[in-house]
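Undergrad: sequence? don't have it. structure:
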């Protein structure tokens, strides 16, 4: 299906986090034929018919500020039911090897390093990874903890302004996710933001991506409640049912719960969800939404939604759903899919925002001259069309 | 939007049942501008842009074996929360007038009438209705109680065989819903089966529809659990999530609950649901399903579904939903929509099975040379395309 | 069962609110034999065997700052499904008559009236009500909107200090609910706080109740989520199951939702719920709790609780429940029950805190020298024992 | 707390089934101090204050017709999340040792053995177990698969009639669970039926228990839906709320699901549940109930209940709950508790039906001269009183 130059690097920002660890362990298990590819959309038609790198052609590396090695990091995931014990036993050596490709990440809290030096260091890591493993292409995926929204700054407005700011060693004009995105582009990599963090989504960095002819995608992986909302809301609309209120509560354990309970970090997620719902329904509705940190749930994520709607003659009706998922198990296969798809996009010379990948994201990119598409069925159709356009 | 010849008769089989009473009262309220058209899909784009009869151009009549007048029949619906008391007060006179257009229905248990005579009588009622009200077209919609599945018979295989059988006064070769469908076609009407009963779905009657150049649609209105299944199952498929089991329980009060608790009547509904789910998921799954009669729920219908699915690395996850609706309030606007759409189909000269109306049905018609389409988003797209083809 | 002196006045603070209107309409319907006494615990053994006033012996009056008459106030309750239309039609005249017994309430925002004058005026209304209707006893029940927690003040510490403060015409040392409680006690009435407002729960007013030999009860009627928690938590405890997290979300429409969405008012309710849960489980647990205002729900109140618990060998298990109730329909019969029971307590010479009525309350009174009792089964047993002690 | 003669044998009928395997592994983990005793009610006051054998004083053996050794049998339980992998690793040797105490069970399908010989063989196994391990007492607990209801037979009516029947080598008058109960009594053991099978519940065997002065308890362990019903139904009753319908659906995987999907086996369970609900509510209600076998759920058991009830003024309200538990993890600690409690009952010389242990059972024994007690709070109080009566 593909020649040797299609060997693809998958480089995680946050390579020792739950999502990256699960994705890495799962990739090793897929390579070894230990598991079925449940949750991997690139394994089924029509995406499977595109010219994508095979599982064997993916090589994992990454940045992280944490130092617990991957095989240790995988143990609580096994306890939590995300990673079967038999799989962990089989991929332990592979995890150790991938861990040897992980380099220290950038964090402003870790010392004196200027953002310019950090970006140079990160880009050098990526170039080294590419040459050492003889990779045709590298896709950088941000799966690190959600950052608070970055305050707007004039230096974000253009690449020139950003470069001038970075020349000042004392400048900390970029959030860490954007330093990583900048480095990825400078090293010639595609970039995917699987979190709601700023990442590449600054005019200066979008400009750089276009200049470098590199594709990017995002943002904020759609794995649970929002997935259901983008499936169910179009049903109400198609049936002319009047949604009066759509309330939701999310119970999260693990690191994500702790990060999101902090009001500042949660606010970007909550706002993006409310915007999406209003766009789907064609009008704003009463939509109280909560994210609660419940540490005892561990990797489990439970979302409860209650939709009150009016039908014919004003009849009051309701739909409730409860979604109980393992967050990393939902996110990991999408991350692998995105690595394959973005690798093919790189190979096909695609550049700039890949809004056709909205299927994967809570807060998808807006197509040029069009409205954002949140409806899941339409997102699916667009993704399929986009993949068909990649050639075989 | 349309001239006088577009006055359309909406003739109910089961005109004094809950669905027909709700639809009639609702139509009167729409004509009087008393309510918003929630649940009416023909009131929103793109369907609203087709050349459909206006609410004012619809005239209601029907057959029923029951004799309680419509205005009395509406009272328990008001108690049950389906029909607001203020609306009932405003449409009471209108209901009395419609009731005067209702003629005795056919039932083999009601006496000596042969099926040939019954069909002639029903067809004469339809012709009389058309001429008396100067209607351009008439759409017959079956909303009577679900019948048990009709035993197969050689007389169903061709129109000629059927006509021969009907010549025998002692023959009861057709279930009542098919007698009604036969009469509708003989009287030049479009036919819609909103129930899972046999109705027009016999080769002999399909032959007659083609011969007469008349359109038909069906079957079994999709108002609750199945609607959600046709929305949610494609999500699991699109995301490559492996559904392991999809269990459902339906609690119904009212007449429908009582009819369906009878195992023979329920079996056709249960089988059709299981088939649909397997088709949506691409393979059969463990899918226990129950319909329970709970009289105290009245018009309320509660469906609980529990979906167990596997994600990446075999992670066990679940989705549960509870849908609480008022059955007649869900069905009635669809019936009005179908009357308008089938009137336009008649006007446009459409003939035979209108499989593009799958959007409305649990057990949709199979398009010629293709597989049945259960996926709701695709059904929506096809309905919109079909309506655009009707012209404006 | 009781002689003429047992005619009992039921005086509502907030007499034109949803709860009081529902209770009044329901009482009129009970007196007329129009409804069954569902939800009225004094109608079943063993409470029904105590010497309680009959429905015919209850006379309703009250204070309110609103002026919409009761029969108008009842109309939205009929629309909302709380009050059947046929009942409203039958009790309309009775509501008008009760409305003629309603006097203007006290609110600091309504003018210049000093708290001393207000209390005197309210007490005079109560005395006038008692003599005009020849009532043996009067029970005052606070069902007005929840107040924000009252700031502590030295004047609350003793009756003497409070009286001195009230002598100052500019003093506003009491929240309105406490002015009402003070007036009730001065007029020789029993007092029940069905809300979480301060009411009688200040040392000065408790002192006054003891001095006057009058009984009181409270506080905060237990009608939904908390009722279930006080039933379910003892199950986990009795079975040695380790509750790890108990999350809850409440969706409320109507006035209560609007009042409680205001953070200050909600805080007293949220704190009281968290305290109760910890007391029931014997230790604090992670218990995120939300109250959301969803106006379209009207009188409906939906509570969703998610309990994560560990069993043997650390097995992770969950219980979820969804309670969908009509708030006023849950509260109103308890208010009527409390009126009958407190009337009997007055007759039996009971004085001070009636902690045995914990059955009715979210935040029950602490028995002297004992811990507060939240467990519903124990509350039920104590109520029954208390009622048996009243004599027959 | 107790001397050496209190060493107690816990003998399982079905010793290699999920419940017995979980209980055995858990007991070994408790003895090794590896886990907290969640779910064990004898570890908390007031039961912990009775003179019960300690975990170290319990020795496990049993009968089974299956031959997979315990340590192998435990592996799927670890995969299913019932038994933590770290615990399995630590108790593997212990499981092998217990497995060496397991003897072949009796099944009529396994050969020519007469019921008299089988009973003699089983009783000899029990006597051998007691003497070999120097046990003061032995408690036999039936946790084998649910049998179909045994057809009534005159030989069950008295011990004399039964003994005569057993003298006939061709007789198969007893279901296997009753052969086991007979053998237990003949060997001087206490007997507990944790299943709905017949077991000791035949007049002839009850007579034998009284003659032998041995205590017994049962039947059908209360671990999920019924536990909740016995907690929630008394709430509706205490609050005078009128339950109109109580519908339930149980989704079970594992062996239990497969056994119960067989209509004959399920019928005893369904009937017992319906009887219990009617008794709790004081009248029969519409209570459709289903048990569905969903193999992919494995050890997980999900129960969904929907309660429709009427409140004041006939207001329609609902409670729904979903209970998701691991069946063996719920049952196992109760089995250990029962072994300790019945050992103490033996020591205290209790004889006959121990109806005070209703707390543990779906279909509890009826106290002499009284009604059966299903209410959980009352069951808890009786259990505590009974345990206090055992002495310390």
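TA: Good, I have the coordinates. Please read all numbers here as calculations on a predicted model, not as lab measurements.
Undergrad: quick one: the closest residue in space to residue A:221 that isn't next to it in sequence from residue A:145, how far?
TA: Distances taken as Cβ to Cβ, 6 or more residues apart in numbering or on different chains put residue A:194 closest to residue A:221, at 4.5 Å, once the chain neighbours are dropped. Every residue, glycine included, has its C-beta placed from N, CA and C. Using Cβ to Cβ, to the nearest Å, residue A:194 is found at 12 Å from residue A:145.
Undergrad: which of the two has more residues huddled nearby?
TA: Comparing residue A:194 with residue A:145 by other Cβ atoms under 10 Å in any protein chain shown, the one with more neighbours is residue A:194, at 30 against 17.
Undergrad: need the contact list for the more buried one.
TA: Counting by Cβ atoms under 8 Å, 6 or more residues apart in numbering or on different chains, residue A:194 touches A:19, A:141, A:142, A:143, A:218, A:219, A:220, A:221, A:331, A:334, A:335, A:338.
Undergrad: chain B contacts on the stretch 51-200 of chain A?
TA: Residues of the stretch 51-200 of chain A lying close to chain B (Cβ under 8 Å from any Cβ of the partner chain) are A:81, A:82, A:83, A:84, A:87.
Undergrad: got a winner among those for most neighbours?
TA: Most neighbours among those, by other Cβ under 10 Å: residue A:82, with 31 neighbours.
Undergrad: in what helix or strand does that residue lie?
TA: Counting by DSSP states H and E, no helix or strand carries residue A:82.
Undergrad: the nearest residue in space to residue A:289 that is not next to it in sequence sits in which helix or strand?
TA: Closest residue in space to residue A:289, ignoring its immediate chain neighbours: residue A:248 at 4.7 Å, by Cβ to Cβ, 6+ apart. Counting by DSSP H and E, the element that carries residue A:248 is strand A:242-252.
Undergrad: quick one: mean pLDDT for that strand?
TA: Average pLDDT, strand A:242-252: 95.
Undergrad: by contact count, what packs against that strand?
TA: Secondary-structure packing of strand A:242-252 (3 or more Cβ pairs under 8 Å, 6 or more residues apart in numbering or on different chains; DSSP states H and E): helix A:225-238, helix A:263-281, strand A:289-293, strand A:300-310, strand C:242-252.
Undergrad: OK, contacts around the closest residue to residue A:384 other than its chain neighbours?
TA: In space, and not counting its chain neighbours, residue A:384 is closest to residue A:46: 5.1 Å by Cβ to Cβ, 6+ apart. Contacts for residue A:46 (Cβ under 8 Å, 6+ apart) come out as A:384, A:387, A:388.
Undergrad: rerun at 10 Å
TA: Counting by Cβ atoms under 10 Å, 6 or more residues apart in numbering or on different chains, residue A:46 touches A:383, A:384, A:385, A:387, A:388.
Undergrad: distance of the residue nearest to residue A:232 when sequence neighbours are not counted from chain D?
TA: Distances taken as Cβ to Cβ, 6+ apart put residue B:231 closest to residue A:232, at 6.4 Å, once the chain neighbours are dropped. Distance check for residue B:231 against chain D: by Cβ to the nearest Cβ, to the nearest Å, it reads 21 Å.
Undergrad: residue B:231 reaches residue A:238, doesn't it?
TA: Yes - here residue B:231 reaches residue A:238: they are 9.0 Å apart, a contact under Cβ atoms under 10 Å.
Undergrad: with neighbour numbers in mind, choose between these two.
TA: Between residue B:231 and residue A:238, residue B:231 has the larger neighbour count (other Cβ under 10 Å), namely 25 against 22.
Undergrad: next up, the contacts around the more buried one.
TA: Residue B:231 touches A:228, A:231-232, A:234-236, A:238-239, A:376-377, B:280, B:375-377, B:379-380, counting by Cβ under 10 Å, 6+ apart.
Undergrad: flag the helix or strand of chain A with the lowest per-element mean pLDDT.
TA: Least confident element among the helices and strands of chain A, by mean pLDDT, DSSP states H and E: helix A:254-261 (a mean of 63).
Undergrad: for chain D, give me its nearest residue in the stretch 101-250 of chain A.
TA: residue A:249 (15.2 Å; Cβ to the nearest Cβ).
Undergrad: the lengthiest helix in chain A near chain D anywhere?
TA: Across chain A, the longest stretch assigned as helix under DSSP state H is helix A:327-347. No - with Cβ under 10 Å from any Cβ of the partner chain as the measure, helix A:327-347 is seen stopping short of chain D, the closest distance being 14.3 Å.
Undergrad: pLDDT on that helix, on average?
TA: The model assigns helix A:327-347 a mean pLDDT of 97.
Undergrad: kindly report the same for stretch A:210-225.
TA: 95.
Undergrad: what parts of the stretch 101-250 of chain A come near chain C?
TA: Remark: the part of the stretch 101-250 of chain A in contact with chain C comprises A:242, A:243, A:244, A:245, A:246, A:247, A:248, A:249, A:250, using Cβ under 10 Å from any Cβ.
Undergrad: go again using 7 Å as the cut-off
TA: For the stretch 101-250 of chain A, the contact set with chain C under Cβ under 7 Å from any Cβ of the partner chain comprises A:244, A:245, A:247, A:249.
Undergrad: check contacts around the last one.
TA: Residue A:249 makes contacts with A:290, A:292, A:304, C:249, C:290, as judged by Cβ atoms under 7 Å, 6 or more residues apart in numbering or on different chains.
Undergrad: read off the pLDDT value for residue A:41.
TA: We have a pLDDT of 97 for residue A:41.
Undergrad: so what's the residue count around it?
TA: Neighbour tally, residue A:41, other Cβ under 10 Å: 26.
Undergrad: how far away is it from residue A:302?
TA: Relative to residue A:302, and taking Cβ to Cβ, residue A:41 is found at 24 Å.
Undergrad: go on, residue A:363?
TA: Using Cβ to Cβ, one obtains 22 Å as the distance from residue A:363 to residue A:302.
Undergrad: most neighbours out of the contacts of residue A:194, which is it?
TA: Busiest of the contacts of residue A:194 [other Cβ under 10 Å] is residue A:141, holding 32 neighbours.
Undergrad: which SS class is the residue nearest to residue A:340 when sequence neighbours are not counted?
TA: Leaving aside its chain neighbours, residue A:340 sits nearest to residue A:52 (4.3 Å; criterion: Cβ to Cβ, 6+ apart). Of the three states, residue A:52 takes coil under DSSP: H, G, I helix; E, B strand; the rest coil.
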